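> Everything below, folded, please.
(one chain, ligands or ions: 1)
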Amino acid sequence: MTKGSDTFEIWFVAGSQHLYGPGPLKTVQANANHIAHAFDHAPIIPVRVIPKPIVTTADEITTVCLAANAQANCIGLIFWMHTFSPARMWIAGLKQLGKPFLHLHTQHNRDIPWATIDMDFMNLNQSAHGDREFGYICTRLNKAREVVVGHWEDPNVQGRISDWTRVAAAWQDQQMLRVARLGDNMRNVAVTEGDKTEAQITFGYTVNGYGIGELVARMDAVDSGAIEALCAEYDDTYAMAAALRRDGERREALHEAARIELGLRTFLADVGARAFTDTFEDLCGLRQLPGLAVQRLMADGYGFGAEGDWKHAALVRALKVMGTGRGGGTSFMEDYTYHLQTGNKQVLGAHMLEICPSIATDQPRAEIHPLDIGGREDPVRLVFDAHPGVALNASMIDLGDRFRLVVNPVEVVAPEQPLPRLPVARAVWKPAPDLATAATAWIQAGGAHHTAFSYDVTPAQLQQFAALAGIDYRLIV
Ligand code: MN
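Residues are numbered from 1 along each chain as shown. Below is the predicted model:
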């Protein structure tokens, strides 16, 4: 997300009516433009905000809603009733509007002008009741929307608008997203299964399977010069284990990891996928389970789910888009094992290999160790600790008749002691409000063992995302 000219934009639309005469409507337009320009220039808001002509009739409202539907880079709208805008005028437009919208409940003036206020001022600045009329029809039409209240210059208001634009961007991305599955599901696993057709109807993304041979063919076509260049990039980027260095005895395994990465990048580009899955039960033709490659692709913004978990591949991608540029990091994650000390209960999260280095506390180490599952050669992986801070786990499940998003904020802590024999990246956290309450609620809600883990998004954003999808949302706090 950037404010560049060819990227996502939000339309700013003020509602009014013709009761007040042309003079006040000019002021309404000028004030709406002023606010939209301020948002457009606000560094905290990561997308363009474009002022649109004010709408004063049902036809004008319907026209702008249909135009928003038709413009691909319009990811959502901000509506504000500067004056009163009788809401039956909004029914036809809102019923057809297919883009997310935010209802901004603000006024151009921050303060009541005590000494000069008269009825002209009251007629012009009546969002306090105009926005309630608009809110009523949105509720009656059962329209999912975010409502933000406060003066438009308030940093908290702009921060909430920023959060929402990020959700709108993720929602738009999900409509275009292709999730590529290399192989099927891990055999007999329940929670990673689901209804891909219903997911497409609900979230917009498509999920399709590919034989592992499609990847192997691209790996076979990689030339040795590209492999050498990528290994040199690894040397410059990571703390390399001695065996993987240029003259190390396992350098050839690093070459193979680079071949996987280059083949995977070509494959994903060829099929247009920004999220993918693999499974250790289908590695025919691969010498290593992809570890380093998956980690680096996630760091570049790809969604990933292990063991065929396409729901979390798509969810990791959504959180990557929402968190763009925030710098905390987002990863695929799995609750792995517990520290059950009284008064100090913690979760150690990790995966066999595939944790995103965007969450690392310092320079990742590139290492090679045996993997006890999959029956392949030792895979190269990045090993690191996740940095301390406030994060959350989010899990998407298919309950057969509906999807559910389960969210639990966590406090990531530094491991109490070094973990010298643990050969994978890991995060140690304390769930809110405490491990016993959180795990009880998580298990009762049916939350998966896989999650999308992020420092860069808030529960409120995920609630907005769930509302756009019309799915069940459970927050554990
Ligand atoms: Mn797993």
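> count of residues packed around the residue in the stretch 101-250 of the chain that the ion sits nearest to?
Proximity of the stretch 101-250 of the chain to the ion (CB to the ion) peaks at residue 186, 7.6 Å away. Bear in mind the C-beta positions are built from the backbone N, C-alpha and C, glycine included. By other CB atoms under 10 Å, the residues close to residue 186 number 17.
> Could you count how many residues lie near the residue nearest to it when sequence neighbours are not counted?
Counting by CB to CB, 6 or more residues apart in numbering, the nearest residue to residue 186 once its immediate chain neighbours are dropped is residue 307, at 3.7 Å. Look at residue 307: counted by other CB under 10 Å, it has 24 neighbours.
> In contact with residue 307, which residues?
Going by CB atoms under 8 Å, 6 or more residues apart in numbering, residue 307 touches 185, 186, 189, 192, 277, 279, 280, 281, 450.
> residue ranges for the helices of the stretch 351-477 of the chain, please.
With helices called from DSSP state H, counting those that start in this stretch, the stretch 351-477 of the chain shows them at 435-445, 459-469.
> out of these, which comes closest to residue 25?
Nearest to residue 25 among the helices of the stretch 351-477 of the chain is helix 459-469; the distance by CB to CB comes to 31.8 Å.
> about what we covered before: include mean neighbour count and distance to the ion when you put the helices of the stretch 351-477 of the chain into CSV, please.
What follows is the helices of the stretch 351-477 of the chain, written out as CSV (neighbours: other CB atoms under 10 Å; distance: least, CB to the ion, whole Å):
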stretch, mean neighbour count, distance to the ion
helix 435-445, 16, 16
helix 459-469, 21, 21
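> what sits against the residue of the stretch 101-250 of the chain closest to the ion?
Counting by CB under 8 Å, 6+ apart, residue 186 makes contact with 192, 279, 280, 281, 307, 308.
> Quick check: pLDDT value at the second one.
Taken from the predicted model, the pLDDT recorded for residue 279 is 95.
> Quick check: residues of the stretch 251-400 of the chain near the ion?
306, 307, 334 (CB under 5 Å from the ion).
> How about residue 454, nearest residue that isn't a chain neighbour?
residue 330 (4.0 Å).
> ok, the one you found - contacts?
When contacts are counted by CB under 8 Å, 6+ apart, residue 330 touches 298, 316, 319-320, 323, 356, 358-359, 452-457.
> 7 Å - rerun?
For residue 330, the contact set (CB atoms under 7 Å, 6 or more residues apart in numbering) comprises 316, 319, 320, 323, 356, 358, 452, 453, 454, 456.
> Let me have those in TSV, extended by pLDDT and neighbour count.
As requested, those are exported to TSV (pLDDT from 0 to 100; neighbours: other CB atoms under 10 Å):
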residue	pLDDT	neighbour count
316	98	30
319	98	26
320	98	29
323	97	21
356	98	28
358	98	21
452	98	30
453	99	28
454	99	29
456	98	21
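> Nearest to residue 196, out of these: which one, please.
Set against residue 196, the nearest of the contacts of residue 330 by CB to CB is residue 316 (16.9 Å).
> next SSE after the helix or strand that closest one falls within?
Using DSSP states H and E, residue 316 falls within helix 310-322. Counting by DSSP H and E, the next helix or strand C-terminal to helix 310-322 is strand 330-339.
> Can you spell out which helices and strands pack onto the helix or strand containing residue 208?
Per DSSP H and E, residue 208 falls inside strand 206-210. Packed against strand 206-210 by the contact rule (3 or more CB pairs under 7 Å, 6 or more residues apart in numbering; DSSP states H and E) you find strand 178-182, helix 196-203.
> can you list those in TSV and add mean neighbour count, distance to the ion and mean pLDDT?
Output for those, formatted as TSV (neighbours: other CB atoms under 10 Å; distance: least, CB to the ion, whole Å; pLDDT from 0 to 100):
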stretch	mean neighbour count	distance to the ion	mean pLDDT
strand 178-182	23	15	98
helix 196-203	16	19	98
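> Adding distance to residue 289, write the ones you listed out as CSV.
Shown next, in CSV, are these (distance: least, CB to CB, whole Å):
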stretch, distance to residue 289
strand 178-182, 11
helix 196-203, 24
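> For residue 11, find the nearest of these.
Of all the helices and strands packed on strand 206-210, helix 196-203 sits nearest to residue 11, with 23.0 Å by CB to CB.
> Can you mark which positions in the least confident helix or strand in the chain by mean pLDDT are buried?
Every helix and strand of the chain was ranked by mean pLDDT, DSSP states H and E. The lowest is helix 119-124, at a mean of 95. For helix 119-124, burial by neighbour count (16 or more other CB atoms under 10 Å) applies to residue 124.
> who touches it?
For helix 119-124, contacts defined as CB under 7 Å, 6+ apart pick out 20, 24, 27, 83, 113.
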